[in-house]
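Peer 1: just the structure for this:
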Amino acid sequence: MTKVYGLKIYTRTTHGRNNGVYIPKVLGVIEGPVVKMIKAYPKEFSFMRHETTRSIRPSKGKKKERENINGEKETKIKR
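Peer 2: Next up, the predicted model:
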């Protein structure tokens with residue numbers, strides 16, 4: 001088992017049934033977080049789209065623009 005970016009890479013054997021006979025198949029397995037997989041192997045995982053919580057959060061620049069347009073700071077009202 002080799003490790004790249006903390007990913008576990010190994011082979012796993014599965015058995016498929018064909019005409020009443022079990023035939024072994026060897027599969028390659030990569031275990032780890034999706035973000036690390038995309039960083040380690042960008043070509044292989046180019047078909048995936050992945051959003052992190054950091055990319056979903058609004059940036060500070062947009063927040064400052066909203067404050068300037070309204071002329072005052074946005075405040076939350078506690079109930």
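Peer 1: ok, which stretches of the chain are helices?
Peer 2: 34-40, 53-56, 60-70 (DSSP state H).
Peer 1: would you single out the least confident of the ones you listed?
Peer 2: With a mean of 63, helix 60-70 has the lowest mean pLDDT of the helices of the chain.
Peer 1: pLDDT of stretch 4-19, averaged?
Peer 2: Here the average pLDDT along stretch 4-19 is 89.
Peer 1: could you export that stretch as CSV, CA atoms only?
Peer 2: Output of stretch 4-19 as CSV, limited to C-alpha atoms (Å, rounded to 0.1, in the frame of the first residue of the first chain):
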residue,chain,number,x,y,z
VAL,A,4,0.3,10.0,-1.7
TYR,A,5,-1.1,13.1,0.0
GLY,A,6,-2.3,10.7,2.8
LEU,A,7,-4.4,8.6,0.3
LYS,A,8,-4.5,4.9,0.6
ILE,A,9,-3.9,3.1,-2.7
TYR,A,10,-4.3,-0.7,-2.9
THR,A,11,-5.9,-3.5,-4.7
ARG,A,12,-9.1,-5.4,-3.7
THR,A,13,-10.4,-8.7,-5.1
THR,A,14,-14.1,-9.1,-5.8
HIS,A,15,-15.9,-12.1,-7.1
GLY,A,16,-18.5,-11.9,-9.9
ARG,A,17,-20.8,-14.8,-10.8
ASN,A,18,-20.8,-15.9,-14.4
ASN,A,19,-22.7,-19.1,-15.4
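Peer 1: and that stretch, which residues are buried?
Peer 2: Leu7 (16 or more other C-beta atoms under 10 Å). Every residue, glycine included, has its C-beta placed from N, CA and C.
Peer 1: now find how far off-centre it is within its chain.
Peer 2: Mean-position distance between stretch 4-19 and its chain equals 20 Å (C-alpha atoms, centre = their mean, to the nearest Å).
Peer 1: thanks a lot, see you next time.
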